[in-house]
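1. Pasting the sequence and the predicted coordinates here, then a few questions.
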Amino acid sequence: MKILVPVKRVVDYNVKVRVKADQSGVELANVKMAMNPFDEIAIEEAVRLKEAGVASEVVAVSCGVPACQETLRAALAIGADRAVLVTSVVELQPLAVAKILKAIVEKEAPSLVILGKQAIDDDANQVGQMLAALLDWPQATFASKVEASDGQVRVTREIDGGLETLAMPLPAVITTDLRLNEPRYATLPNIMKAKKKPLETVAGESLGVDLAPRLTTLKVVEPPSRKAGILVADVAQLVDKLKNEAQVL
Amino acid sequence: MTTLVIAEHDNASLRSTTRNAITAARRLDGEVHVLVAGGGCSAACEAAAGIEGVDKVLCADQPACTDQGAEALASLVVAMVKAGTVAYTHILAPASTFGKNVTPRVAALLDVAQVSDVVAIEDANTYVRPIYAGNALATVRSDDGIQVLTVRTTAFDAAADGAAAPVEAVSIEAAAGGSSLVGRQLTESARPELGAAKTIVSGGRGLGNGDNFQALLEPLADRLGAALGASRAAVDAGFVPNDYQVGQTGKIVAPQLYVAVGISGAIQHLAGMKDSKVIVAINKDPEAPIFQVADYGLVGDLFDVVPQLTAALG
């Protein structure tokens, strides 16, 4: 069984982004980039399924600028077998990414697509569900446990009230939540090996899908900041402030 | 203009998130229809019909919808839109795990964009939404013919009762999805729902273990009538179940009072609670970033401070 894992290059989760003065977006120049943490979990899960003998091949795919190659190399260092970079000159929004991935799925014919539930830059949480819809495949979002066997997959999902377990036939789309696994650190030998693994580049425009952005960003601003609070000396003062100043008790 | 709100419910009752979504729908001028899709969901339909601002409730009480799977629900919504009996301009759901699961499927099948986690509606196609864990707010315009939105529930008040809208049965059948429900393990709690609570007591790694979490925070939450929340660190460490998590990728909350105990305040956690009206932080590390957003900070050992606070509130 082949597993396809889409990965996104995003601003590193430790970076506090700054809004540009002209309100056109956030500052991305000279900012540390990394693989979206949820996608790292997706790669790890796919590699574990391969190590367990359930999967035979793990293919990582990324869409966007040429620098996404670094993200793909990181996926290869974790243990993906090969990578596909789909380049695009236009800004790719979730629907366009889902359409690109559908075209790649049709070419690669994986049994399972595992990807992060959301990217930590646009926080959209859409691509996995959209891809499943376009393929008319079942989906299991926000996965915290995946058990795959015999053309079936059983997934435990993190939902607002607790946990939910779904069973579905393959092929299917799974999106990862935080507690699915803890991704390994790529070792130096694996990072070196990753440099030699195949990485194919495909022009997004050659896939025959509509990549045009549907949403126009009119402006990006800083959220209102909270005014500075105070330190209280002890519990008595805290209770007094909450009762008499904040009036929340 | 007509907005279709996809209701979140458990057949017997509506989740409060549905009321927040209805308030958002009312910001768009036009009729508000509420789709209640489930199995044996007539009580939830009646509840929806009573909410102020609802013009019509569409009740899809069908076997395929019983488990509220994303595939079945999305197929139903798309079929209803395509049937064209009503020219829906907006499809809207709460940005809960329920809404997030279903609406992108709807958008993709309609070949339109989705705007996720809307916090303000500027006009019929312009919205404000947080990006980068809430460190920036983007104003976006969608030029698609049908607008698919999920709304952040803390940004819109819960709509109150005060209507008697008609309830119509949906004649269109949902297509059965490929997935089947094996089971649900829902956290039983007598406490208020985290997303709708007026007061939240939230614990982090500083509590050390699950026993301390319960022993220290339960009595405090009892005194305050509060819901219990947690940081990612506390959930990852197994102190409490996943549904306690407050943050960028967990629950977004905005109570009147948020008491953060032993939480350092990673940006991902702050993203989930910084719109709270009053924030109290208790932490032994005076440099903890949580103090930068707290209205009242108390530097001290939580094992001393929390019992004192619980006693002082008695």
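-> Yes, it's here. Numbers count the residues shown, from 1 in each chain, chains lettered A, B, ... in the order given.

2. and the gap between the most centrally placed residue in chain B and residue A:65?
-> Geometric centre of chain B, nearest residue: residue B:96, 4.1 Å, by CA atoms, centre = their mean. With distances taken as CB to CB, to the nearest Å, residue B:96 is found 33 Å from residue A:65. (Glycine included, C-beta is placed from N, CA and C.)

3. what about the nearest residue in space to residue B:206 that is not next to it in sequence, distance to chain A?
-> Leaving out its chain neighbours, the residue that sits closest to residue B:206 by CB to CB, 6 or more residues apart in numbering or on different chains is residue B:262, at 2.3 Å. From residue B:262 across to chain A, the span is 16 Å (CB to the nearest CB, to the nearest Å).

4. Near residue 24, how many other residues are there?
-> Went with chain A since none was named. For residue A:24, the count of nearby residues is 11 (other CB atoms under 10 Å in any protein chain shown).

5. meant chain B actually
-> Look at residue B:24: counted by other CB under 10 Å, it has 29 neighbours.

6. for residue A:2, same thing?
-> 18.

7. quick one, helices of the chain?
-> No chain specified, so I'll use chain A. A:37-51, A:68-78, A:94-108, A:127-135, A:188-194, A:235-240 (DSSP state H).

8. I was after chain B.
-> With DSSP H as the criterion, chain B has helices spanning B:16-27, B:42-49, B:70-83, B:97-110, B:210-212, B:218-224, B:232-236, B:267-273, B:302-312.

9. Of all those helices, which one comes closest to residue A:182?
-> The closest of those to residue A:182 is helix B:232-236. By CB to CB, the value is 8.7 Å.

10. export that closest one as PDB, just CAs?
-> Written as PDB, here are the backbone C-alpha positions of helix B:232-236 (Å, rounded to 0.1, in the frame of the first residue of the first chain):
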ATOM      1  CA  ARG B 232      -1.300  21.400  25.500                       C
ATOM      2  CA  ALA B 233       1.600  20.400  27.800                       C
ATOM      3  CA  ALA B 234      -0.900  19.100  30.400                       C
ATOM      4  CA  VAL B 235      -2.900  17.200  27.800                       C
ATOM      5  CA  ASP B 236       0.200  15.700  26.200                       C
END
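
11. Can you list the buried residues in that helix?
-> By neighbour count on 16 or more other CB atoms under 10 Å in any protein chain shown, the buried set for helix B:232-236 is B:232-235.

12. Any regions of the stretch 201-314 of chain B where pLDDT drops low?
-> Judged against pLDDT under 70, the stretch 201-314 of chain B has no low-scoring part.

13. Residue nearest the middle of chain A, spatially speaking?
-> residue A:116 (3.3 Å).

14. What's opposite that one in the beta bridge?
-> residue A:176 (DSSP bridges).

15. I'd say it and residue A:176 touch.
-> Yes: counting by CB atoms under 8 Å, residue A:116 touches residue A:176, with 5.5 Å between them.

16. any shared contact partners between the two?
-> The contact sets of residue A:116 and residue A:176 overlap at A:38-39, A:41-42 (CB atoms under 8 Å, 6 or more residues apart in numbering or on different chains).

17. Of those residues, which are in range of chain B?
-> Intersecting the shared contacts of residue A:116 and residue A:176 with the surroundings of chain B, defined as CB under 8 Å from any CB of the partner chain, gives residue A:38.

18. burial of the closest residue to residue A:241 other than its chain neighbours, as a residue count?
-> Distance criterion CB to CB, 6+ apart; nearest residue to residue A:241, sequence neighbours excluded, is residue B:296 at 5.5 Å. Neighbour count of residue B:296, defined by other CB under 10 Å: 22.

19. Name all residues that make contact with residue B:296.
-> Residue B:296 neighbours (CB under 8 Å, 6+ apart): A:229-232, A:238, A:241-242, A:246, B:278-281.

20. just the buried members of those?
-> Applying 16+ other CB under 10 Å to those flags A:229, A:232, A:238, A:241-242, A:246, B:278-281 as buried.

21. Distance to residue B:266 added to those residues, as TSV?
-> Shown next, in TSV, are those (distance: CB to CB, whole Å):
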residue	distance to residue B:266
A:229	18
A:232	23
A:238	23
A:241	26
A:242	25
A:246	25
B:278	21
B:279	15
B:280	18
B:281	13
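
22. quick one: which of those residues is nearest residue B:107?
-> Among the buried ones among the contacts of residue B:296, and counting by CB to CB, the member closest to residue B:107 is residue B:279, at 34.7 Å.

23. Distance of the closest one relative to residue B:14?
-> 29 Å.

24. Show me which residues of the stretch 201-314 of chain B sit near chain A.
-> Counting by CB under 8 Å from any CB, the stretch 201-314 of chain B sits next to chain A at B:224, B:232, B:235-236, B:241-243, B:248-249, B:251, B:256-257, B:267-268, B:274, B:277-280, B:286, B:291-300, B:305, B:308-309, B:312-313.

25. still on that earlier bit, sort out which of the buried ones among the contacts of residue B:296 are in strands and list them.
-> B:278-281 (DSSP state E).

26. now, among those residues, which is nearest to residue A:171?
-> residue B:279 (45.6 Å).

27. buried residues in stretch B:175-190?
-> Within stretch B:175-190, judged by 16+ other CB under 10 Å, the buried ones are B:177-179.

28. swap in stretch B:90-101?
-> Here stretch B:90-101 shows B:90-101 as buried, counting by 16+ other CB under 10 Å.

29. Kindly report the same for stretch A:175-184.
-> A:175-181, A:183.

30. Which two of the residues you listed have the greatest separation?
-> Of all pairs in the buried residues of stretch A:175-184, the most separated under CB to CB is A:175 and A:183 at 15.5 Å.
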